[in-house]
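Trainee: please find the sequence and the predicted model below.
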Amino acid sequence: MVLVEPVPKVIDPLKIRIDDNPQAGIIGAPGDAMVDLASPLNVEVPDEISSSGSESDSPEVVASSIPVDPDPPHLPPEPTLAALVRQKGNLRPASADVRFPLNSKLMPPSAKKRGGKKRGLGTPLKQAEIRNFVRTNNICCIGILETKISPNVFHAVSATLLPGWNWCFNYVHSARGRVWVGWNPTYALFVMSDCSSQAIHGHLRSITNGTSFYLSVVYAEHSFILRRPLWAELNHYSLLYPNEPWIVAGDFNAIRYASDRADRSNYWIPAFEDFGNCLIQAGLDDLRFVGNRFTWVASSGPNRKQRKIDRVVVNSAWNSTFSYSEASFLAPGVSDHSPMVVRILPTPNNRKPFKFFNFWMAHPTFFELVAQIWDSSFVGSPMYTLCCKLRALKYRLKGLNRTAYSDISTRTEEARSLLLIAQNAIQLDPLNRL
């Protein structure tokens, strides 16, 4: 939208203010544009502000197979109910002035440098990628990072992104909408307990099977100092959930070990220890994972950088409760970050295989039982008939074992007690021959 102030009688520069224009890809605070009517003007675009080498313009996903719905103070309430998606990009400075001719097309500096490509979650292509990701992986709860969606269009974008889903966000602490959490109310329920500029914390429960745990979705800042409040935040929540399953997933923008990078750099400074020390103090460790070792890639050829800055970490209570869970780091696709999918796998069937005990043959009815089964008639080929007789015999032998030999330990203790009673009675009355 373009707002034009009244023109004075004397020909002076005309002020035009550019408001947020999602269709042109402009996200963030508006800037002032000065147009001189007396002479032709050239476009002067300020360099965009880059916050980190890990900035991207495509989705990064961490998914959970399970799902707050607060009414934000500055947004009208909207009734809405294991993956993290990343939509990152750089913001134009709020104070930047842009000079352009009247017939020029409006677009942000980042779009100028990227050939007019929109950044964040505002493009139909990236929204389609997320919908396909959710459908393909059967996701019921998803986290999206660095959406680049302004609060005034949040409802419109979220409603079309995944229709019928519920959402919570951290716009209260970050006007850029750095973290979204969405869930399918048919299968899950997420209740947000707190949020900050770098994380959303809450409780997730599966409606289908009742599984529940605490979930934190994280998108850390890009400098050591700005990340330290997040480390303190995780340590605080570790004290609140000492005996409850807790999972933390997202982009930590930090490596834990020197082996978490694959490039020519090999330096290590003390500030790198902050992340590892935080995980130790909070009692968090990596969840067993499969897929990509490195989760972020930048550049190509000899200058290519690879890092493991996206992680899924859990506490000891999670490992005890969900011992068959795992995280999958998938191929990046249109993003430079690997989507993360967390699944709680079903407990394997622990049925014991059938075993034949030789002492069964000592039972008086054993051979009679076998003869009855073997004389039975079954219709089918000889191999099919043999399988049917063996299956029927197994069922009867299990019944014999339960009837005659079940709870053998208790029977042994009872027999031992009777033996001791008899032996004590003989000692008390040695002349009794009964």
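Mentor: Received it, and whenever you're ready, just let me know what you need.
Trainee: could you double-check that residue 357 lies in contact with residue 401?
Mentor: Yes - checked against C-beta atoms under 8 Å, the pair residue 357 and residue 401 is within contact range at 7.3 Å. C-beta here means a position set from N, CA and C on the backbone, and glycine is covered the same way.
Trainee: which of those two has more neighbours?
Mentor: residue 401 (16 against 10; other C-beta atoms under 10 Å).
Trainee: residue contacts, that one?
Mentor: 357, 360 (C-beta atoms under 8 Å, 6 or more residues apart in numbering).
Trainee: next SSE downstream of whichever helix or strand it is part of?
Mentor: Assigned by DSSP states H and E, residue 401 belongs to helix 382-405. Remark: after helix 382-405, the chain's next helix or strand is helix 408-428, criterion DSSP H and E.
Trainee: any idea whether residue 376 is helix, strand or coil?
Mentor: coil (DSSP: H, G, I helix; E, B strand; the rest coil).
Trainee: typo on my end, it should be residue 347
Mentor: Per three-state DSSP, residue 347 ends up coil.
Trainee: the one 5 residues further on too?
Mentor: The local conformation at residue 352, judged by three-state DSSP, is coil.
Trainee: which stretches of the chain form helices?
Mentor: Along the chain, counting by DSSP state H, helices occupy 109-113, 124-137, 154-161, 224-240, 273-282, 316-321, 366-374, 382-405, 408-428.
Trainee: residue 338 reaches residue 312, doesn't it?
Mentor: No - checked against C-beta under 8 Å, the pair residue 338 and residue 312 is beyond contact range at 11.2 Å.
Trainee: ok, residue 198 - how many residues close by?
Mentor: Neighbours around residue 198, by other C-beta under 10 Å: 26.
Trainee: just residue 377 next, same as before
Mentor: By other C-beta under 10 Å, 7 other residues sit near residue 377.
Trainee: pLDDT value on it, please?
Mentor: On the pLDDT scale, residue 377 is placed at 87.
Trainee: distance to residue 199 added to the helices of the chain, as JSON lines?
Mentor: Shown next, in JSON lines, are the helices of the chain (distance: least, C-beta to C-beta, whole Å):
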{"stretch": "helix 109-113", "distance to residue 199": "26"}
{"stretch": "helix 124-137", "distance to residue 199": "21"}
{"stretch": "helix 154-161", "distance to residue 199": "19"}
{"stretch": "helix 224-240", "distance to residue 199": "6"}
{"stretch": "helix 273-282", "distance to residue 199": "13"}
{"stretch": "helix 316-321", "distance to residue 199": "17"}
{"stretch": "helix 366-374", "distance to residue 199": "64"}
{"stretch": "helix 382-405", "distance to residue 199": "54"}
{"stretch": "helix 408-428", "distance to residue 199": "52"}
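Trainee: winner for burial among those?
Mentor: Sort the helices of the chain by mean neighbour count, taking mean count of other C-beta atoms under 10 Å, and helix 109-113 sits at the top with a mean of 19.
Trainee: before we move on, the earlier item: run the angle between the helix holding residue 401 and helix 408-428 for me.
Mentor: Counting by axes from the mean of the first three to the mean of the last three C-alpha atoms, to 10 degrees, helix 382-405 lies at 30 degrees to helix 408-428.
Trainee: return the distance of helix 382-405 from the chain's centre.
Mentor: Centroid displacement of helix 382-405 relative to its chain, using C-alpha atoms, centre = their mean, to the nearest Å, is 47 Å.
Trainee: give the rounded mean pLDDT of it.
Mentor: Averaged over helix 382-405, pLDDT sits at 89.
Trainee: try stretch 285-298
Mentor: 91.
Trainee: and that stretch, what's buried?
Mentor: Residues of stretch 285-298 classed as buried: 285, 287, 289, 292, 294, 295, 296, 297 (neighbour count, 16 or more other C-beta atoms under 10 Å).
Trainee: figure out which of the helices of the chain is closest to residue 260.
Mentor: Using C-beta to C-beta as the criterion, the shortest distance between residue 260 and those is 9.7 Å, found for helix 273-282.
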